[in-house]
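Student: Model the structure of this input:
(2 chains)
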Amino acid sequence: MKSSNSGNVGIVIVSHSPKIAEGAADMVRQMVGDVVPLAWTGGDIEGGLGTNVAEIVEAIETAWSPAGVAILVDLGGAETNSEMAVEMLTEDRRARVVICNAPVVEGAVIAATESSGGSSLAAVKRSAEEFYA
Amino acid sequence: MSLDRAAREKLVRALAESMIEHADELTSLDQAIGDGDHGLNMKRGFEAVLATLPGLADKSLPEMLKTIGMTLVMKVGGASGPLVGTFFMEFGKALPEQPVRADLVAATEKAINAVKARGRSDAGQKTLLDVLVPVQIVFAEGGDAKAIAAEAVQAADRTTPMLAIRGRASFLGERSIGHMDPGSRSASLLIRAAVATIEFEENS
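Tutor: Alright, predicted model coming up:
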């Protein structure tokens, strides 16, 4: 997990597979460099395929930005666990985190590109979600 | 109803044993229509719960249930972690320390509604709600432990011919028909384990 400090919306990538999450993060970095706070997480607590709430919370903290954080997820459990993680944040942070209804790889790249231009959290989410709409 | 410390510990052990003993069965159900990790995930979650004994049973019933829920949320890993964990957390939150039956009925109803909200689902979509919802009806109508356990088993069986609308099995479309929903099976096992313990305590 890596991050950088900027006022841009942070991006969190959550996949059942740590390889997919890391690979998607690599693609984001190639597009936007270090101007977007970015973190990824994947795998269950034993390192198998799955997601885990504690690591998602940690990833959100890592990618935290005052502009908010957009989370990209793959399959059902990643979404449910991400929702649970968001609920565990402090109330003021909770209001500034969104889960995007978008494919994880394409969504992450588009969201990060939008974020790199200084767009708002709502605009970042909309861009990611419009890709397949 | 009051569960003393020994009864609370017994309840926790019964819940955990039901998941540990049936882990292979749950996994093979999940291999048929899901990603094949349900048995292992539930086993891991409840082993983590067991590891919090004996301290866990020192807590009041509501606090104990909330702690079980949080442990499951953090340790299970799959979508069932937040779903089953939410049930326990909300069940605990809604209970007074010395609940009577009406309190249990009201609290389980709140917990089931929280599971519906968490999963954006309801009965009829081939999920654990297809066990929770009908069992809740039997419970609310005054059914005893035997009737509740019987309904839990039958409700899980009734998911076999259902078409999955939510969860990983929904990707299979009509191929999800003909297999029991693993989440319904684990819910029925947990309910059966719980009511067996509690009735035993009340009669002893």
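Student: Can you check the pLDDT for the nearest residue in space to B:Arg168 that is not next to it in sequence?
Tutor: With sequence-adjacent residues excluded and distances taken as CB to CB, 6 or more residues apart in numbering or on different chains, B:Arg168 is closest to B:Gly34, at 4.5 Å. (C-beta placed from N, C-alpha, C; glycine too.) Note on B:Gly34: pLDDT of 90.
Student: neighbouring contacts of stretch A:46-59?
Tutor: A:1, A:12-18, A:39-45, A:71, A:73, A:77-78, A:81-82, A:84-85, A:88-89, B:35, B:37, B:40-41, B:44, B:73-75, B:77-78, B:81-82 (CB atoms under 8 Å, 6 or more residues apart in numbering or on different chains).
Student: Go through the residues you listed and flag which are in strands.
Tutor: Counting by DSSP state E, the contacts of stretch A:46-59 place A:Val12, A:Ile13, A:Val14, A:Ser15, A:Ala39, A:Trp40, A:Thr41, A:Gly42, A:Ile71, A:Val73 in strands.
Student: The fifth one is in contact with A:Val14, isn't it?
Tutor: No: contact criterion CB atoms under 8 Å: A:Ala39 and A:Val14 do not qualify, at 9.5 Å.
Student: Please name the residues that touch B:Asp157.
Tutor: Here B:Asp157 is in contact with B:Met180 (CB under 8 Å, 6+ apart).
Student: separation between it and B:Asp130?
Tutor: 10 Å (CB to CB, to the nearest Å).
Student: Over to B:Thr71?
Tutor: 25 Å.
Student: With A:Gly76 instead?
Tutor: 17 Å.
Student: and these two? which has more neighbours close in?
Tutor: B:Asp130 (24 against 21; other CB atoms under 10 Å in any protein chain shown).
Student: where's the more buried one, which helix or strand?
Tutor: B:Asp130 belongs to helix B:129-140 when elements are defined using DSSP states H and E.
Student: right, quick check: that helix against chain A, any contact?
Tutor: No: against chain A, helix B:129-140 shows no contacts by CB under 8 Å from any CB of the partner chain, the least distance being 13.8 Å.
Student: Perfect, I'm done here.
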